[in-house]
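1. what's the 3D shape of this:
(4 chains)
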Number of protein chains: 2
Amino acid sequence: MSDTRQDVRKPRLSRERILDAAMDLADRDGIEALTIRKLADELGTKPMTIYHHVDGKEALLDGMVDVVFSEIAKPPVDLPWQEALRVRCRSAREVLGRHPWSVPLLESRHHPGPELLAHHESVLVTLDRAGMPLPLVAHAYAVLDSFVYGFAMQEANLAVQRGDEDAELAEEIAAAFDPGAYPMMTRFAMEHAMQPDFNFGDSFDYGLDLLLDGLSRAAGQEPA
Amino acid sequence: MSDTRQDVRKPRLSRERILDAAMDLADRDGIEALTIRKLADELGTKPMTIYHHVDGKEALLDGMVDVVFSEIAKPPVDLPWQEALRVRCRSAREVLGRHPWSVPLLESRHHPGPELLAHHESVLVTLDRAGMPLPLVAHAYAVLDSFVYGFAMQEANLAVQRGDEDAELAEEIAAAFDPGAYPMMTRFAMEHAMQPDFNFGDSFDYGLDLLLDGLSRAAGQEPA
DNA sequence: TCAAGCATTCGTACTTAGTACGACTTGCTA
DNA sequence: TAGCAAGTCGTACTAAGTACGAATGCTTGA
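-> Predicted coordinates:
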């Protein structure tokens, strides 16, 4: 009856604005909270409007992954290769920490974006200028990224568990804990992991050094 | 009061049978294909029947993760610690390779099962008997598991991409490839990664050795 | 032996999510 | 000024998780 038409402005939406909002939503509420409907709400629009800018949800995720790669620093070309890789790996950890939802997605997308490709290229170039033969380049890249991704994955889960359910969770885990059943875990927790100065993240630099030193040796150079 | 000890009457279904079927389904068709309905079909029953044995889908996933941990070999107590950890890490890689869907789940479940706890305990005990002080134990465990999980994650995605869409995918990636845009990637692919004897998995033992050697040094021992 | 009790099973339906279809709106261009 | 392309959205279909309550049939106590 009442054809109350409302004002519609011009290009309020764009692929970029959608990607930004989707990343915000995923960062804030987790990837499982990222639905087309919620995204539309966030943008003050309706679900189907999204589809005029993004080719379905899979393409949306592809785009988000590429944004993540764009945020990771490439290994600086003016540093020794060990230092350059250290910079890029630390950056990767930091970025993946800001976007924890992205870790399981990074390697599982079947449509690599330009940022992903450019990033891979820059790392390969760095390993190449370390003087590594190709087989060693392959090992180095596989090993470094395994470590970075795996570490980020573990950190992401710690972060989740430190959320609002902190108390409830700790209690639940403790409840499942037959006091004497896991003596080493108990000792480890009491004497180390639950101490105020314990920080899981410290192990990142430790492991990164371990790998870079080993790779330096393999490349026939002294550890930096 | 009344000793109501009852056995299952007509157990066409059981938590164990359900877990087995769920693992098979996930192994075969991927974790996203694991729905309560498909699982019911697989078991020749109806969706709601599942809920009398398993407390919802989250609990089902928790149970599956615990089964995965049960399949991973614990570090043998009769081997030197480096060898013992090598055995367990290789086993982990093999098991995660058989259950690729489980990798992102392993560390994200909030309800650790008994197998998971027992496994952690056994690894901590092994690090302890290496003579490591607790801070080093923490580093070692974090670094080893980061590597194992990260490697398994990358392998899992390679496996997926080697699936039925192999040709289509390679073609698609190649199409996105400006010939001269990524020279190092191109060289790497042509001269190494696409050679018939290239095997991504070879990097696992390489990285594991790197880490175990470094940890041996840190523990004040000669690399094994 | 039979009926009550209870674990198990399942039909129905509600809810959330992705998205195909087609209609409507509006500014731009011929 | 008519018509078109781009953008927007209402409707509805499908898949999936699961709450509710009825149906089923085994086990036990009288």
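2. Toward the C-terminus, what is the element adjacent to the helix or strand of chain A with the lowest mean pLDDT?
-> Using mean pLDDT, DSSP states H and E, helix A:166-175 stands out as the lowest-scoring helix or strand of chain A, at a mean of 60. Sequence-wise, the next helix or strand downstream of helix A:166-175 (DSSP states H and E) is helix A:183-188.
3. Which elements pack onto that next one?
-> If you count contacts as 3 or more CB pairs under 8 Å, 6 or more residues apart in numbering or on different chains; DSSP states H and E, helix A:183-188 packs onto helix B:114-129, helix B:134-161. Just so you know, the C-beta spots here come from the backbone N, C-alpha and C atoms, and that holds for glycine as well.
4. Quick check: buried residues in the shortest one?
-> So the one you mean is helix B:114-129. Within helix B:114-129, the residues that count as buried by 16 or more other CB atoms under 10 Å in any protein chain shown are B:115-128.
5. Next: stretch A:200-214.
-> Buried-residue list, stretch A:200-214, by 16+ other CB under 10 Å: A:203-204, A:206-208, A:210-214.
6. And for the spatially most central residue of chain A, nearest residue in space, chain neighbours not counted?
-> Nearest to the mean C-alpha position of chain A, by CA atoms, centre = their mean, lies A:Leu96 at 2.5 Å. Using CB to CB, 6 or more residues apart in numbering or on different chains and skipping residues adjacent in sequence, the residue nearest A:Leu96 is A:Ala152, 3.8 Å away.
7. so that neighbour touches A:Gly97, yeah?
-> Yes: using CB atoms under 8 Å, A:Ala152 is in contact with A:Gly97, at 6.8 Å.
8. residues in contact with the closest residue to A:Leu79 other than its chain neighbours?
-> If the residues on either side of it in the chain are set aside, A:Leu79 comes closest to A:Val87, at 6.8 Å by CB to CB, 6+ apart. With contacts defined as CB atoms under 8 Å, 6 or more residues apart in numbering or on different chains, A:Val87 is in contact with A:73, A:75-76, A:79.
9. now these: which count as buried?
-> Using 16+ other CB under 10 Å, the buried members of the contacts of A:Val87 are A:73, A:75.
10. what does the model give the residue nearest to A:Leu96 for pLDDT?
-> If you check A:Ala152, the pLDDT there is 97.
11. distance of it from DNA strand D?
-> A:Ala152 sits 27 Å away from DNA strand D, going by CB to the nearest atom of the strand, to the nearest Å.
12. Tell me how many other residues crowd that residue.
-> 26 (other CB atoms under 10 Å in any protein chain shown).
13. Contacts only, for the residue of chain A found nearest chain B.
-> Minimum separation of chain A from chain B (CB to the nearest CB) falls at A:Gly150, amounting to 2.9 Å. Shown here is A:Gly150, whose contacts under the criterion CB under 8 Å, 6+ apart are B:145-151, B:153.
14. how is chain A carved up into domains?
-> A:12-54, A:72-161+A:194-218 (automatic domain parsing).
15. tell me how far the shortest one is from the chain's mean position?
-> This points to domain A:12-54. Relative to its chain's centre, domain A:12-54 lies at 20 Å (CA atoms, centre = their mean, to the nearest Å).
16. I'd like to know the phi and psi angles of A:Glu222, please.
-> Here is the backbone geometry of A:Glu222 (degrees, to the nearest 10): phi -70, psi 140.
17. give the contact list for it.
-> With CB under 8 Å, 6+ apart, A:Glu222 has these contacts: A:Ser216.
18. State the distance from it to DNA strand D.
-> Counting by CB to the nearest atom of the strand, the gap from A:Glu222 to DNA strand D is 54 Å.
19. now swap in A:Trp101 and tell me
-> From A:Trp101 across to DNA strand D, the span is 19 Å (CB to the nearest atom of the strand).
20. and what of A:Pro223?
-> Counting by CB to the nearest atom of the strand, the gap from A:Pro223 to DNA strand D is 49 Å.
21. pLDDT wise, what is that residue at?
-> So A:Pro223 comes in at 81 (pLDDT).
22. I figured it hits A:Leu210, correct?
-> No: contact between A:Pro223 and A:Leu210 fails when scored by CB under 8 Å: they sit 10.0 Å apart.
23. Low-confidence stretches in chain A?
-> Counting by pLDDT under 70, chain A shows low-confidence ranges at A:1-11, A:159-177, A:179.
24. residues from it in reach of DNA strand D?
-> A:8, A:11-13, A:45-49, A:51-53 (CB under 7 Å from any atom of the strand).
25. PyMOL command to pick out the buried ones of those?
-> The PyMOL selection below is limited to those of the residues of chain A next to DNA strand D classed as buried (16+ other CB under 10 Å):
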select buried, chain A and resi 13+53
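26. Between which two of the residues of chain A next to DNA strand D is the distance greatest?
-> Spatial extent of these (CB to CB) is set by the pair A:Pro11 and A:Pro47 at 18.3 Å.
27. Show me what stretch A:120-128 is in contact with.
-> A:74-75, A:77, A:81, A:84-85, A:88, A:136-137, A:140-141, B:182-185, B:188.
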